[in-house]
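> following is a predicted model, sequence given first.
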Amino acid sequence: MRLSFKKIRTVFCAVIIFSVLSLFNAGTDSALSEHVSWLGEAELIGDYQVFSEIKELDLYSPESFAATIVLSDNEDMGYALYRDPSFRSEIYSFYTGITGSSEIASAVIENAYKNGISFTLAFSLMWAESGFNPEAVNRNASSIDRGLFQLNSKSFPELRTADFFNIQTNAAVGLSYLSYCLKQGENEIVALAIYNAGHNRVSGAGAPLMTLEHISRILNYRTELERNFERYISRSGKIRTDKKAEKNLIPVVDTRKALK
């Protein structure tokens, strides 16, 4: 069968275009492979590059990855994503669902971020202290613990009774004190022990058993909260995480979809 001149011209043009595109893609793949080598092995899942390791945490971000946030496996995902305004509404939404209050969620997120505190740690501590109840009260032999972060009347004598039950004030003071404990302690466990039992008790006789059990509840809840947040934020389609057998690998967040 003879082809018309018009069909021959169409086929010829298609071949030329395909050849040019192939050369362009080859150059792009080559450049991309150079960038990937800086980050470790990568797996392409849809529009996302998911990396199993990072060779340099303080890495240069080339244009191909300009909209990609790389998190280490010990970094709070919510805290890191909060830096990107396109994720904030989802972070607020998640913690509003957890606490049952947008006011509580906002107060804790903003004060945790201000003090450089992991969101999951802040919310887990609050859950263990008050169950997210701003009116919670615990009477001791010579003092009273009140509010979301169970601020002690002897430790904070400058606060009025109403201040203890004010969501904004309680979150601001509680998280400021937690920041102080984190600076005083060798790690988060020691910091939580100081928060619960006091610096003098922990540095002297050591944390009592009741405090250690309290810390265990906080950390167990935190692990569950991290998993739930990761599932929640992944549903948006903006994030993929690479998790393999009993090993937390590097999650990579692609904000390009969020910014379109």
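In hand now; what should we look at?

> where does pLDDT dip in this protein?
Along the chain, segments meeting pLDDT under 70 span 1-74, 236-260.

> all helices of it, in order?
5-39, 77-81, 85-99, 102-114, 119-130, 161-165, 167-184, 188-197, 199-203, 209-234, 256-259 (DSSP state H).

> mean neighbour count and distance to residue 145 added to the ones you listed, as TSV?
No exception for glycine: its C-beta is placed from N, CA and C like everyone else's. Output for these, formatted as TSV (neighbours: other Cβ atoms under 10 Å; distance: least, Cβ to Cβ, whole Å):
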stretch	mean neighbour count	distance to residue 145
helix 5-39	11	47
helix 77-81	22	27
helix 85-99	17	19
helix 102-114	20	17
helix 119-130	24	8
helix 161-165	15	9
helix 167-184	19	11
helix 188-197	22	10
helix 199-203	15	15
helix 209-234	15	12
helix 256-259	14	41
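
> okay, those in JSON lines with distance to residue 138 next?
Shown next, in JSON lines, are the helices of the chain (distance: least, Cβ to Cβ, whole Å):
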{"stretch": "helix 5-39", "distance to residue 138": "48"}
{"stretch": "helix 77-81", "distance to residue 138": "28"}
{"stretch": "helix 85-99", "distance to residue 138": "19"}
{"stretch": "helix 102-114", "distance to residue 138": "18"}
{"stretch": "helix 119-130", "distance to residue 138": "9"}
{"stretch": "helix 161-165", "distance to residue 138": "11"}
{"stretch": "helix 167-184", "distance to residue 138": "14"}
{"stretch": "helix 188-197", "distance to residue 138": "12"}
{"stretch": "helix 199-203", "distance to residue 138": "17"}
{"stretch": "helix 209-234", "distance to residue 138": "12"}
{"stretch": "helix 256-259", "distance to residue 138": "42"}
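
> list just the one of these that sits closest to residue 136.
helix 119-130 (3.8 Å; Cβ to Cβ).

> what sits up against that closest one?
Identification of contacts with helix 119-130 by Cβ atoms under 8 Å, 6 or more residues apart in numbering yields 76, 78-79, 82, 91, 95, 98-99, 108-109, 111-113, 132, 136, 145, 147-150, 174-175, 178, 188, 192, 195, 214, 217-219, 221-222, 225-226, 229.

> okay, the angle between it and helix 102-114?
Counting by axes from the mean of the first three to the mean of the last three Cα atoms, to 10 degrees, helix 119-130 lies at 130 degrees to helix 102-114.

> can you show me the CA trace of stretch 168-181 as CSV?
What follows is stretch 168-181, C-alpha atoms only, in CSV (Å, rounded to 0.1, in the frame of the first residue of the first chain):
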residue,chain,number,x,y,z
GLN,A,168,-3.4,30.2,75.9
THR,A,169,-1.6,31.0,79.2
ASN,A,170,-1.4,27.4,80.3
ALA,A,171,0.0,26.3,77.0
ALA,A,172,2.5,29.1,76.9
VAL,A,173,3.8,28.6,80.4
GLY,A,174,3.7,24.8,80.2
LEU,A,175,5.7,24.6,77.0
SER,A,176,8.1,27.3,78.1
TYR,A,177,8.8,25.2,81.2
LEU,A,178,9.1,22.0,79.1
SER,A,179,11.7,23.9,77.0
TYR,A,180,13.6,24.7,80.2
CYS,A,181,13.5,21.0,81.2
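
> distance-wise, check the nearest residue to residue 215 once chain neighbours are set aside relative to residue 226.
Distance criterion Cβ to Cβ, 6 or more residues apart in numbering; nearest residue to residue 215, sequence neighbours excluded, is residue 192 at 4.8 Å. Separation of residue 192 from residue 226 (Cβ to Cβ, to the nearest Å) stands at 16 Å.

> distance check, residue 177 against residue 101.
From residue 177 over to residue 101 (counting by Cβ to Cβ), the distance is 21 Å.

> next: residue 178.
20 Å.
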